[in-house]
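Colleague: pasting the structure only:
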């Protein structure tokens, strides 16, 4: 395919990136999920203060969050199964509508006075269950709402939306808690779930599967697991997801705050600057993601980008400099976002539609299992070794995970 003058060639990538927005189904989906993600960010900030202001204390807050996280993790396979059986859009719609009801129930409890621990758990568990059901469906819905040629651009825009809302949602939640009341934040959260449900209701999904369908071969979980671990693409994506989250969660949630306080001497301000670099890098990488899909040796390039991401993490503690650390996190997040768009698009294009929801639940499960393990490991070893060692080990882990892919011809030649 040839292009005209340089100016025309420069415009085309932007046109391709925005192409999904011309499709009504995707535009509705993006608006609804943007609001829903904002609501999640508000919930993330307001929930702790609702619990603490009710006299629950840090111990009760830990119990509530643990119940929520466990319920979400356990129900990921259920969400994948329902997405494959009932359709991803229908599952998302029902989950968001029910989450609005659960949040409203929490508001009613909070308004009635002090909430006992059992009541907090009674709200946290169904909210976690619905979150676990929702997540695989949200990963699997794209092939039903955009054309196959727009998968990469759609994944890019979704990741930009998620990265932006992860920054703005908690900021808005903090403002609401600081200037109004926690209950107001929860009411807004419930409203975002209702709006998301309405936008999903307005979408009429495509009836033509984007990926090949294997008929009855993938009806059972046993057959899906056999397919997943027999597919080089799925197996390697699960491995890199698991290792990356094992490395990244402990790095971001535990090691970096300690690094900012002890090595940089900047405390919360330094940590905030580094997190900003991480967030901006994610947005930039998501915008660049579709470019990788147009390269000739894209599989091999993706592996090198993954290795580069690990090397970027390795350089975070170099010189104990806030500028170096922030730049390294920006580069690492940028490369990770490009790789995310690439592999998510490849999965959506190649995994049979009948199994996509369950495969995506395995992917989300790898991240979900890694989160507490990584945080606990990082917190434990920081009392024995220096923070720089933890950061270096995280970078080496990411380099090692992607390096395994070089030994697979199928993975190199995606």
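Modeller: Looks like it came in fine. No experiment lies behind these values; they were computed from the predicted model shown.

Colleague: what's the nearest residue to residue 354 once chain neighbours are set aside in contact with, if anything?
Modeller: Nearest residue to residue 354, sequence neighbours excluded (Cβ to Cβ, 6 or more residues apart in numbering): residue 218, at 4.9 Å. The way it works is simple: take the backbone N, C-alpha and C, and place the C-beta from them, glycine included. Residues in contact with residue 218 (Cβ atoms under 8 Å, 6 or more residues apart in numbering) are 224, 227, 352, 354-355.

Colleague: mind giving me JSON lines with those and columns for distance to residue 338?
Modeller: Conversion of the contacts of residue 218 to JSON lines gives the following (distance: Cβ to Cβ, whole Å):
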{"residue": "224", "distance to residue 338": "28"}
{"residue": "227", "distance to residue 338": "27"}
{"residue": "352", "distance to residue 338": "26"}
{"residue": "354", "distance to residue 338": "29"}
{"residue": "355", "distance to residue 338": "26"}
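
Colleague: Show me what the host helix or strand of residue 357 packs onto, helices and strands only.
Modeller: Residue 357 is part of helix 356-381, with elements assigned from DSSP states H and E. The elements that helix 356-381 packs onto, with contact taken as 3 or more Cβ pairs under 8 Å, 6 or more residues apart in numbering; DSSP states H and E, are helix 57-74, helix 76-86, helix 88-111, helix 117-140, helix 221-230, helix 232-249, helix 322-350, helix 387-403.

Colleague: among those, which is nearest residue 148?
Modeller: Nearest to residue 148 among the helices and strands packed on helix 356-381 is helix 322-350 (6.7 Å), distances taken as Cβ to Cβ.

Colleague: same for the closest one, what does it pack against?
Modeller: Using 3+ Cβ pairs under 8 Å, 6+ apart, the elements in contact with helix 322-350 are helix 151-179, helix 232-249, helix 267-293, helix 298-314, helix 356-381.

Colleague: Format those helices as TSV; extra columns: distance to residue 37, mean neighbour count and mean pLDDT.
Modeller: Listed next are these as TSV, based on distance: least, Cβ to Cβ, whole Å; neighbours: other Cβ atoms under 10 Å; pLDDT from 0 to 100:
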stretch	distance to residue 37	mean neighbour count	mean pLDDT
helix 151-179	4	20	75
helix 232-249	19	20	88
helix 267-293	13	20	86
helix 298-314	24	21	93
helix 356-381	15	21	88
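
Colleague: Please produce JSON lines containing the ones you listed, extended by distance to residue 145.
Modeller: Converted to JSON lines, the helices and strands packed on helix 322-350 look like this (distance: least, Cβ to Cβ, whole Å):
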{"stretch": "helix 151-179", "distance to residue 145": "8"}
{"stretch": "helix 232-249", "distance to residue 145": "22"}
{"stretch": "helix 267-293", "distance to residue 145": "17"}
{"stretch": "helix 298-314", "distance to residue 145": "24"}
{"stretch": "helix 356-381", "distance to residue 145": "13"}
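
Colleague: these two touch, right, residue 243 and residue 399?
Modeller: No: under the criterion of Cβ atoms under 8 Å, residue 243 is not in contact with residue 399, lying 9.8 Å apart.

Colleague: Now do the residue lying closest to residue 266 once chain neighbours are set aside, the pLDDT please.
Modeller: Counting by Cβ to Cβ, 6+ apart, residue 266 lies nearest to residue 260, which is 5.4 Å off, once chain neighbours are set aside. Looking at residue 260, its pLDDT is 85.

Colleague: before we move on, what about the one 4 residues further on?
Modeller: What the model reports for residue 264 is a pLDDT of 84.

Colleague: Look up phi and psi at it.
Modeller: Backbone torsions of residue 264, given as degrees, to the nearest 10, read phi -90, psi -30.

Colleague: leaving aside the residues next to it on the chain, what's closest to it?
Modeller: Once its chain neighbours are removed from consideration, residue 264 has its nearest residue in residue 270; the separation is 4.6 Å (Cβ to Cβ, 6+ apart).

Colleague: OK, contacts around the one you found?
Modeller: Residues counted as contacts of residue 270 (Cβ under 8 Å, 6+ apart) are 260-261, 264, 322.
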